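Asks: Okay, predicted coordinates and the sequence, questions at the end:
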Amino acid sequence: MNTIKQVFENNRKNGKGCLIGYITAGDPTPEMTPKIAEALIRGGVDILELGLPFSDPIADGPTIQAASLRALNAGTTPMKVLEIAKEIKTKQENVPIVIMTYYNPVFRIGLNKFLASAKAHGVNGFIVPDLPVEEAADFKKTAETHNLDTIFLAAPATSNERLTRIVDASSGFLYLISRFGVTGAKSSIEDSTIQLIQRVQPFTAKKIPLSVGFGISQPEHVQRVIKAGADAAIVGSAFINIVQKNSNNIVTMLEELETTAKALKAATKLESQ
């Protein structure tokens, strides 16, 4: 079973960046999520980020908010998300799974109980966007107990001092938010995003992989962020749009997800190779 660290190392040896794919667990139904995940993995997704649907996803734009609502209406619960993760891992044991969740569901179930169960279901790490590093000591300690990575986020406005603290606290990878605002596919990557990557990369170099998300939806976006120094591109809304658009045609949905993932993964090739 590959760890997150191993996946980054393997891709680096092969002259490629990583492609991290985000989907909302339970969208459009809990039964469909493993099939969607398998299509993305066939297409080249290296790490799968499973979003735990939540009623108030403050960091997410309209696309992921709508996906969360569909998932909740389909009966997706936090424990069901872990069952979905386990089903995916039975067929894709070498693909790390990261759960993206707001802290409220974890708190309600119980920190140790939920993280222990996550580990038992094959989860490799967590992203908790509303848990700042200053308040994350208990979470990080419990995650380490269960050999789970804690992936923190850094934003464009993060100071150098705080960035150092976030990098030191993170394991697995650092999630760099590429721009101000919420998640959502964009038509282009702004120059400010490239400048941000170049500012942050010296802080992460030889310490932890740098992954960039928010607004990345096209191969040329992936190519630009990898060329700028990122180790991975995170794509979410582009995949969720495909799921939503083809909710009544599963075959087309899965084919388009795989094709899109292939094109995005191809764009991670480093120029020196």
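Replies: Received the coordinates, thanks.

Asks: Skip ahead from the helix or strand where residue 161 lies and say which helix or strand is next.
Replies: Element membership for residue 161 (DSSP states H and E) is helix 160-169. Later in the chain than helix 160-169, the nearest helix or strand by DSSP H and E is strand 174-177.

Asks: which helices and strands sit right next to that following strand?
Replies: strand 153-154, helix 191-204, strand 210-213 (3 or more CB pairs under 8 Å, 6 or more residues apart in numbering; DSSP states H and E). Glycine gets a C-beta too; all of them are placed from N, C-alpha and C.

Asks: now, of these, which is deepest in the fold?
Replies: Among those, the stretch with the highest mean neighbour count (mean count of other CB atoms under 10 Å) is strand 210-213, at a mean of 27.

Asks: picking that back up, name the residues of the helix holding residue 161 that come out as buried.
Replies: 163, 166-167, 169 (16 or more other CB atoms under 10 Å).

Asks: Quick one, which of the helices and strands packed on strand 174-177 gets closest to residue 124.
Replies: Closest to residue 124 of those is strand 210-213 (CB to CB; 13.9 Å).

Asks: downstream neighbour of that closest one in the secondary structure list?
Replies: That would be, after strand 210-213 and using DSSP H and E, helix 219-228.

Asks: and for the helix or strand following that next one, what are the contacting residues?
Replies: Remark: after helix 219-228, the chain's next helix or strand is strand 232-235, criterion DSSP H and E. Residues outside strand 232-235 that contact it (CB atoms under 8 Å, 6 or more residues apart in numbering): 8, 17-22, 46-47, 49, 173, 175, 209-214, 216-217, 221-222, 225-226, 264, 267-268.

Asks: switch to 6 Å and redo it
Replies: 17-18, 20-21, 211-213, 216, 222, 225, 264 (CB atoms under 6 Å, 6 or more residues apart in numbering).
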